[in-house]
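K.L.:
3D, please:
(2 chains)
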Amino acid sequence: MSDSSPRVRDLVQRAASDPGFAEQLLSDPESVATEYNLGADHIDQIKELAGAGLLKPAVQAHTVPVKEPGGGGYY
Amino acid sequence: MHFNSILVSVTEICTVGCRHCGFTGSTRDRQPTADEIGRWVAQACDSGIPEIIFTGGEPFQRFRMLRSGVGAAAGHPGRPRISVFTSSFWGRSAATVDKILGQLPGLTRLFLSTDVYHQERVPTQHVVNVIEGAIAREIPEISLCITIAEDHEEERIRRLYRRFEDRVRVHVDRVIPTPFIKTAHQVGLPPDPEHFSASCYLETPLINPNGDLSACHIGKAGAYVTLSDLAYFMGNLHEKSFQEILADADRNYEYQFLRVYGPQGVARMVASSPAVRGLFKGATFTNGCDLCYKMLRSLDGRARLREIAADPFQRELIDAIRLVRFGERPPEPRPAPGAPPQLSGAPQPVAPQPVRSGT
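P.N.:
Prediction:
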């Protein structure tokens, strides 16, 4: 991988493990984009996912149906 | 890959006939042999899935199949939890319940479907008999599954089982619309990401009676429509082993997109595609499953998912988030020099577009 290749995996892993960096991703995405060789569209997508809490382990999965919007039921 | 549980449909047959049922109007006559059920359950257990959930149709209407599956799971060294969905139609008396449950050693959970629709066909007393029988047999978990079209239905059903509230768990879900049920008064969610969760029942795939392995319970619709061209379809257990199908799914980025982002990601797809936005303009959905199914049944929705799955950036992002969310390493590329990337459908040569919402 060349030095200018987008480093999506590195960015996501760091955002998942470093709260300060995750905050930087949300507040100053342009600087993160530069550091990780990403374009504006790409960093916006990752920022949106971070804002939605997707860069965290899925701790509580749906072993059983839960009552929340957007779920669904076995029938 | 990480799964919480797996649904095993031992039959599509059910003569209870609830009017909200997803099978209403379909032939629903597929069922495997008892040996096949046992083999498929063993393969699922071999792959480490910690809970086997038997479903149907009505699994107690094909008791030999159910018993075979429960036996295979109970005898497996992985010691999975063993659960069964039922309408409780068989709970005619305490003696009957005890005799039936006595033939299912190892059972750890009963999911009892009871709501205004089941109530029209199965007396409450049958459900009460099953609850009391399960408590007597020391089955550890008993869950009531209430499907509602309108909010007031939930309290009406909860009231019937108040005296068991310390012993049973209650799960409430909204009914998915069918041509046979009026849902005009249901809560409708517009297809915006903030209304939908990133987790869903994709952590519980489904084995259909014909051996089809589907991504989730939506695969039950395979009783009356062809799903093999949708991302829900993972493979058939008559053609490949469970482990081989999972290996294929590991590399299927349409399926992995759904796993990683859930209905929230599907809503993001709607927002990011002018064609799909136009298709769903003004539409609302009862839940994430309703949105996801309608999206993937549409040509524009499938085209958008194929487009995303073919985009190298999106694939890398999916891999990265799989690692974070599920602890799953990205799949090793298959040794096929010069071959195009493997997808579940043929990708169209279109320019990738971002998948963020609001564009």
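
K.L.:
shaky segments in chain A?
P.N.:
Along chain A, segments meeting pLDDT under 70 span A:1-3, A:59-75.

K.L.:
Output the set of residues of the stretch 151-300 of chain B in proximity to chain A.
P.N.:
By the rule C-beta under 8 Å from any C-beta of the partner chain, the part of the stretch 151-300 of chain B lying against chain A is B:169, B:171-176, B:189, B:193, B:195-201, B:203-204, B:217, B:220, B:260-264, B:268, B:287-290. Quick note: C-beta positions are derived from backbone N, CA and C, even for glycine.

K.L.:
Are any of those buried, and if so which?
P.N.:
Buried subset of these (neighbour count, 16 or more other C-beta atoms under 10 Å in any protein chain shown): B:171-176, B:189, B:193, B:195-201, B:203-204, B:217, B:220, B:260-264, B:268, B:287-290.

K.L.:
any idea where the helices of the chain begin and end?
P.N.:
You didn't pick a chain, so chain A it is. A:8-17, A:19-27, A:29-35, A:40-51 (DSSP state H).

K.L.:
Chain B is the one I meant
P.N.:
With DSSP H, the ranges of helices along chain B come out as B:34-46, B:63-74, B:94-101, B:116-119, B:124-136, B:152-160, B:242-250, B:253-272, B:274-279, B:288-297, B:299-310, B:312-326.

K.L.:
Show me which residues of the longest one are buried.
P.N.:
By 16+ other C-beta under 10 Å, the buried positions in helix B:253-272 come out as B:253-272.

K.L.:
ok, now which ones touch A:Ala57?
P.N.:
No, residue A:57 isn't Ala; it's Pro. Residues in contact with A:Pro57 (C-beta atoms under 8 Å, 6 or more residues apart in numbering or on different chains) are A:16, B:324-327.

K.L.:
Residue nearest the middle of chain B, spatially speaking?
P.N.:
Central residue of chain B (C-alpha atoms, centre = their mean): B:His217, 2.1 Å from the mean position.

K.L.:
That one is in contact with B:Tyr201, isn't it?
P.N.:
Yes: shown here, B:His217 and B:Tyr201 form a contact pair, counting by C-beta atoms under 8 Å, at 5.7 Å.

K.L.:
For B:Glu332, report the pLDDT, please.
P.N.:
pLDDT recorded at B:Glu332 is 75.

K.L.:
Kindly report the same for the one 3 residues further on.
P.N.:
The predicted structure scores B:Pro335 at 63 on the pLDDT scale.

K.L.:
The one 4 residues further on now?
P.N.:
Note for B:Ala339: predicted pLDDT of 61.

K.L.:
now do the one 4 residues further on
P.N.:
Looking at B:Leu343, its pLDDT is 46.

K.L.:
So what sits opposite the residue in the stretch 51-200 of chain B that chain A sits nearest to in the bridge?
P.N.:
Closest approach of the stretch 51-200 of chain B to chain A (C-beta to the nearest C-beta) occurs at B:Asp173, with a separation of 3.1 Å. Per DSSP bridges, the residues bridged to B:Asp173 are B:Thr147.

K.L.:
Quick check: A:Val12 touching B:Ile318?
P.N.:
No: the pair A:Val12 / B:Ile318 is not scored as a contact, 10.2 Å apart, by C-beta under 8 Å.

K.L.:
of the two, who's got more company?
P.N.:
Counted by other C-beta atoms under 10 Å in any protein chain shown, A:Val12 and B:Ile318 do not tie: A:Val12 has more neighbours, with 26 against 23.

K.L.:
Now do the contacts for the more buried one.
P.N.:
A:Val12 touches A:46, A:55, B:317, B:320-321, B:323-324, counting by C-beta under 8 Å, 6+ apart.

K.L.:
Include distance to B:Asn208 and neighbour count when you put those residues into TSV, please.
P.N.:
TSV is the format used below for the contacts of A:Val12 (distance: C-beta to C-beta, whole Å; neighbours: other C-beta atoms under 10 Å in any protein chain shown):
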residue	distance to B:Asn208	neighbour count
A:Ile46	37	26
A:Leu55	34	22
B:Leu317	31	25
B:Ala320	32	24
B:Ile321	29	28
B:Leu323	30	17
B:Val324	32	20
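
K.L.:
Max pairwise distance over the residues you listed: which two?
P.N.:
Farthest-apart pair in those is A:Ile46 and B:Leu323; separation 14.1 Å (C-beta to C-beta).

K.L.:
quick revisit: which single one of the contacts of A:Pro57 is nearest to B:Ser241?
P.N.:
B:Phe326 (22.1 Å).

K.L.:
since we're on the closest one, how many residues are nearby?
P.N.:
Neighbourhood size, B:Phe326 [other C-beta under 10 Å]: 17.

K.L.:
and the closest residue to it other than its chain neighbours, what is it in contact with?
P.N.:
What sits nearest to B:Phe326 in space, not counting adjacent residues and going by C-beta to C-beta, 6 or more residues apart in numbering or on different chains, is B:His2, at 4.6 Å. When contacts are counted by C-beta under 8 Å, 6+ apart, B:His2 touches A:61, B:203, B:326-328.

K.L.:
and B:His2, how far is that from B:Asp300?
P.N.:
Between B:His2 and B:Asp300 the computed distance is 31 Å (C-beta to C-beta, to the nearest Å).

K.L.:
Surely B:Gly91 touches B:Thr124?
P.N.:
No: the pair B:Gly91 / B:Thr124 is not scored as a contact, 10.0 Å apart, by C-beta under 8 Å.

K.L.:
thinking again about what came up before, redo the helices of chain B as JSON lines? Include distance to B:Val8 and mean pLDDT.
P.N.:
Compiled in JSON lines, the helices of chain B are given as follows (distance: least, C-beta to C-beta, whole Å; pLDDT from 0 to 100):
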{"stretch": "helix B:34-46", "distance to B:Val8": "6", "mean pLDDT": "96"}
{"stretch": "helix B:63-74", "distance to B:Val8": "6", "mean pLDDT": "96"}
{"stretch": "helix B:94-101", "distance to B:Val8": "18", "mean pLDDT": "98"}
{"stretch": "helix B:116-119", "distance to B:Val8": "21", "mean pLDDT": "91"}
{"stretch": "helix B:124-136", "distance to B:Val8": "20", "mean pLDDT": "98"}
{"stretch": "helix B:152-160", "distance to B:Val8": "27", "mean pLDDT": "94"}
{"stretch": "helix B:242-250", "distance to B:Val8": "11", "mean pLDDT": "96"}
{"stretch": "helix B:253-272", "distance to B:Val8": "20", "mean pLDDT": "95"}
{"stretch": "helix B:274-279", "distance to B:Val8": "33", "mean pLDDT": "93"}
{"stretch": "helix B:288-297", "distance to B:Val8": "19", "mean pLDDT": "93"}
{"stretch": "helix B:299-310", "distance to B:Val8": "27", "mean pLDDT": "96"}
{"stretch": "helix B:312-326", "distance to B:Val8": "22", "mean pLDDT": "94"}
